[in-house]
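1. Give the three-dimensional model of this entry:
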Amino acid sequence: MIFIQPQPEAGEESERFNWDSPILISPHDPARLYFASQRVWRSDDRGDSWTPISGDLSHGIDRLKQEMMGRAQSFDASWDVWAMSKYGTITSLSESPLVEGLLYAGTDDGRIHVSEDGGQNWLSTERLPGVPDAFFVNDIKADLHDADTVYVVVDDHKSGDFSPYVMKSVNRGRSWTSLAGNLPERHIAWRIVQDHVNPKLLFLGTEFGVFFSIDGGNKWTKLAGGAPTIPFRDLVIQTRENDLIGATFGRSFWILDDYTPLRTVTADQLQQEATLFPVRDALWYIPSMPLGDFEENGKSSQGDGFFVAPNPSFGAVFTYYLKDGLKSSQEQRRKREKKREADGTGTPYPGWDAIRAEETEEAPSIVMTVTDDEGNVIRRLEGSIEAGFHRLAWDLRYPLSSPWKPEDSGENYIEILGPLALPGNYQVSLAKRVNGQLTPLGDAQAFKVVQMREPGLKGASPEQVVAFTRGLDDLNRQVQGAASAIAVALTETGAIKQTLLRSGAALTLRDTTRTLELELMELQDRINGNVTRDLYGDPGPVSIKQRIDAAMMGTFRSSYGPTPTHIRSMEIARAEFAEVKTALQQIHDSTLPALRKQLDDAGVPWTPGRGVPARN
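-> Modelled structure (predicted):
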């Protein structure tokens, strides 16, 4: 660490540095720095030496002579001025990225200066329309697209004025107009940044959040998306990724990943029912598993003392806007009723038909459908139905074809993902499902999935990876489906045995049921292995599931395979399952239907798997 703060020459007074003294790297030369006290300093060797390029740009007021609480105070009054920031300091600097040497400086005592010749001469502005004197310059930014335009954010909260003051000049600071527009009152503004592509897209950090404008500052909209209601004291744009980074006063950093949809949004779009925005290229790779955790961004066993922040969503990220959101019939009725209640009028009973329709109505949903170049459906995703902007990510995979299980079953604590989709061209469309009816919303958006990089080790091609994992997933679908079918059949045979205890049917029916049960258990062991034997550390014959798991664990979170080991594991699993499948098909098509008919003929009470009880 090297101390590089500029120092006064012999015989000069001490410099007045603000708590937040501005430092600026010139956009024209990375070795050139600008720093400020009450004057502007320049270094052309990254801070090793400094040259002042201005005199005192503040009013130079002695704050000890200023009135406090309506009168001049005694020198002996207990002022904690030593711990306070200096007064009469430069608080903000900017250099035009288009014109080298076009500099702007703002102070904490109501002055804005501009130099068009690298600091040799400075022009002062001390009045801003509608702004009190002695304003504090929170931020000053030269326009990224127009050499004559500059923005300034000031405030006067030290005098009890909490109004947002955002100004713009199109003649290098000689005159100013307000951009405060529809910003809320008592809403101090702190920082402003401009998009590097769309000159009319602006972001503003305020005392209570972040706002954006798509029309150069005439109208502002507050960004939500989980950001806290807290001062955003600084904003910066990461231009490569198009990310907006906000530094809060007390809640760390917040990042809006890829704000590019805001570049294309228009006022007309915000009045449409729904809008699906363009999608940037999605990078094809396998996300890492931090600390061995199967959940992205997980902490594994580190606990809350180990800080991690979530990464941007992996895959293709879709951004959409809903003007009003979707509401069920009941929610629409309650909205109408609340309005009548507020007016003091009655809320008539809607009738049983309407109530019944509300009870049987499906919950509304937003459905996004991903298709390939040939129109084949790759994935369907459901998104938020609330009004406003939303994001949904597709993880570049086909859905996992595992059998249905109750959501609260607690199974599959290790997440197994579906097969990867190939790099290539895709399309996503937006639709709403209301009471079972699917209706398209707006235009579909095309996008690309591109391979991020060539692998360090030459393995299988993307086509081979996808073909193998899709074939393995289909085999797993059949095997897991068979395992679930066996579990259902065992539930049925168990119910039959219990029910036969209170039936006068022949005992041969129980013998038949027990024989079937043992056959099902044997097939179950061949698929899943014997649970009891496995618990004692002697798993015995390798089960079909173990063969599939070996192939899946080696390939579904890697783009290197399949290796010969993975391929052989799947071949063995496929061959062994063919025998199980044949036996299970015989049970399903013949043995179970025959047993069910015998139960019906014997008048045995209903059991799972049987249809409407037959009449004797």
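
2. Pull the distance from the lengthiest strand in the chain to the chain's centre.
-> The residue-count maximum for a strand in the chain (DSSP state E) belongs to strand 424-434. Mean-position distance between strand 424-434 and its chain equals 19 Å (Cα atoms, centre = their mean, to the nearest Å).

3. what sits against the residue nearest to Gln546 when sequence neighbours are not counted?
-> Closest residue to Gln546 apart from its sequence neighbours, by Cβ to Cβ, 6 or more residues apart in numbering: Gly529 at 6.5 Å. Where you see a C-beta, it was placed from the backbone N, CA and C, and this is true even at glycine. With contact set as Cβ atoms under 8 Å, 6 or more residues apart in numbering, Gly529 has these partners: 539-543, 545-546.

4. What about those residues, which are in helices?
-> 545-546 (DSSP state H).

5. before we move on, the earlier item: buried set for the longest strand of the chain?
-> Neighbour counts over strand 424-434 (16 or more other Cβ atoms under 10 Å) mark 426-434 as buried.

6. Tell me the spacing between the residue nearest the centre of the chain and Leu262.
-> For the chain, the residue nearest the mean C-alpha position is Ser313 (5.4 Å; Cα atoms, centre = their mean). Distance, Ser313 to Leu262, using Cβ to Cβ, to the nearest Å: 17 Å.

7. And for stretch 225-235, what's in contact with it?
-> Outside stretch 225-235, the residues that touch it by Cβ under 8 Å, 6+ apart are 188, 190-193, 203-210, 244-251, 254, 256, 389, 391.

8. And those, which of them are buried?
-> The neighbour count (16+ other Cβ under 10 Å) marks 188, 190-193, 203-210, 244-248, 254, 256, 389, 391 as buried among the contacts of stretch 225-235.

9. So which elements touch the longest helix seen in the chain?
-> As assigned by DSSP H, the longest helix anywhere in the chain is helix 462-500. Where contact means 3 or more Cβ pairs under 8 Å, 6 or more residues apart in numbering; DSSP states H and E, helix 462-500 is packed against helix 508-528, helix 544-555, helix 564-586, helix 592-601.

10. hmm, 7 Å instead?
-> Helix 462-500 is packed against helix 508-528, helix 544-555, helix 564-586, with contacts defined by 3 or more Cβ pairs under 7 Å, 6 or more residues apart in numbering; DSSP states H and E.

11. ok, then the element right after the first one?
-> In the C-terminal direction, the helix or strand that comes right after helix 508-528 (DSSP states H and E) is helix 531-535.

12. and that following helix, what's its mean pLDDT?
-> Averaged over helix 531-535, pLDDT sits at 86.

13. Stretch 568-583 now?
-> Stretch 568-583 carries an average pLDDT of 96.

14. Mind exporting the C-alpha coordinates of that stretch to CSV?
-> Output of stretch 568-583 as CSV, limited to C-alpha atoms (Å, rounded to 0.1, in the frame of the first residue of the first chain):
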residue,chain,number,x,y,z
ARG,A,568,-20.8,-49.6,-20.4
SER,A,569,-22.8,-48.8,-17.3
MET,A,570,-25.8,-47.8,-19.4
GLU,A,571,-25.5,-50.8,-21.6
ILE,A,572,-25.6,-53.2,-18.6
ALA,A,573,-28.5,-51.3,-17.1
ARG,A,574,-30.5,-51.4,-20.4
ALA,A,575,-30.0,-55.1,-20.8
GLU,A,576,-30.9,-56.0,-17.3
PHE,A,577,-33.9,-53.8,-17.3
ALA,A,578,-35.3,-55.4,-20.4
GLU,A,579,-35.8,-58.6,-18.4
VAL,A,580,-37.5,-56.7,-15.5
LYS,A,581,-39.7,-54.8,-18.0
THR,A,582,-41.0,-58.0,-19.6
ALA,A,583,-41.9,-59.5,-16.2
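
15. that older thread, show only the entries of the buried ones among the contacts of stretch 225-235 found in strands.
-> Filtering the buried ones among the contacts of stretch 225-235 for strands - DSSP E - leaves 190-193, 203-206, 209-210, 244-248, 254, 256, 389, 391.

16. the domain parsing of this structure - what is it?
-> For the chain, automatic domain parsing gives the domain ranges 23-62+83-265, 266-293+311-342+354-405+415-453, 462-601.

17. Same list (those domains) but as CSV, adding distance to Phe3.
-> Listed next are those as CSV, based on distance: least, Cβ to Cβ, whole Å:
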stretch, distance to Phe3
domain 23-62+83-265, 9
domain 266-293+311-342+354-405+415-453, 36
domain 462-601, 48
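
18. any idea of the pLDDT on Ile61?
-> pLDDT, Ile61: 88.

19. That one and Pro261, how far apart?
-> Ile61 sits 47 Å away from Pro261 when distances are taken as Cβ to Cβ.

20. do Thr508 as well
-> According to Cβ to Cβ, Thr508 and Pro261 sit 70 Å apart.

21. likewise Glu12?
-> The span separating Glu12 from Pro261 equals 52 Å under the rule Cβ to Cβ.

22. And for Lys86?
-> To Pro261, Lys86 is 43 Å away according to Cβ to Cβ.

23. do Phe389 as well
-> 8 Å.

24. same check, this time on Pro129
-> From Pro129 across to Pro261, the span is 34 Å (Cβ to Cβ).

25. Same question for Arg557.
-> Counting by Cβ to Cβ, the separation of Arg557 from Pro261 is 30 Å.

26. which of these two has more neighbours?
-> Neighbour count, other Cβ atoms under 10 Å: between Arg557 and Pro261, Pro261 has more, with 21 against 16.

27. My guess is the more buried one contacts Leu276. True?
-> No - Pro261 is beyond contact range of Leu276, at 9.4 Å (criterion: Cβ atoms under 7 Å).

28. Run through the neighbouring helices and strands of the helix or strand hosting Leu93.
-> Assessed by DSSP H and E, Leu93 sits inside strand 90-95. Judged by 3+ Cβ pairs under 7 Å, 6+ apart, the packing partners of strand 90-95 are strand 23-25, strand 33-36, strand 103-107, strand 136-142.

29. neighbours around Asn376, how many?
-> So Asn376, with other Cβ under 10 Å, has 8 neighbours.

30. looking at the helices and strands packed on helix 462-500, which is buried most?
-> By mean neighbour count, with neighbours taken as mean count of other Cβ atoms under 10 Å, helix 544-555 ranks first of these at a mean of 20.

31. Spatially nearest residue to Asn425, not counting backbone neighbours?
-> Asp373 (4.9 Å).

32. cool, and Asp56?
-> Nearest non-adjacent residue to Asp56 (Cβ to Cβ, 6+ apart): Gln38, at 4.6 Å.

33. Three-state assignment for the one you found, please.
-> Here Gln38 is recorded as coil under DSSP: H, G, I helix; E, B strand; the rest coil.

34. correct me, but it touches Ser58?
-> Yes - counting by Cβ under 7 Å, Gln38 does reach Ser58; the two are 5.1 Å apart.
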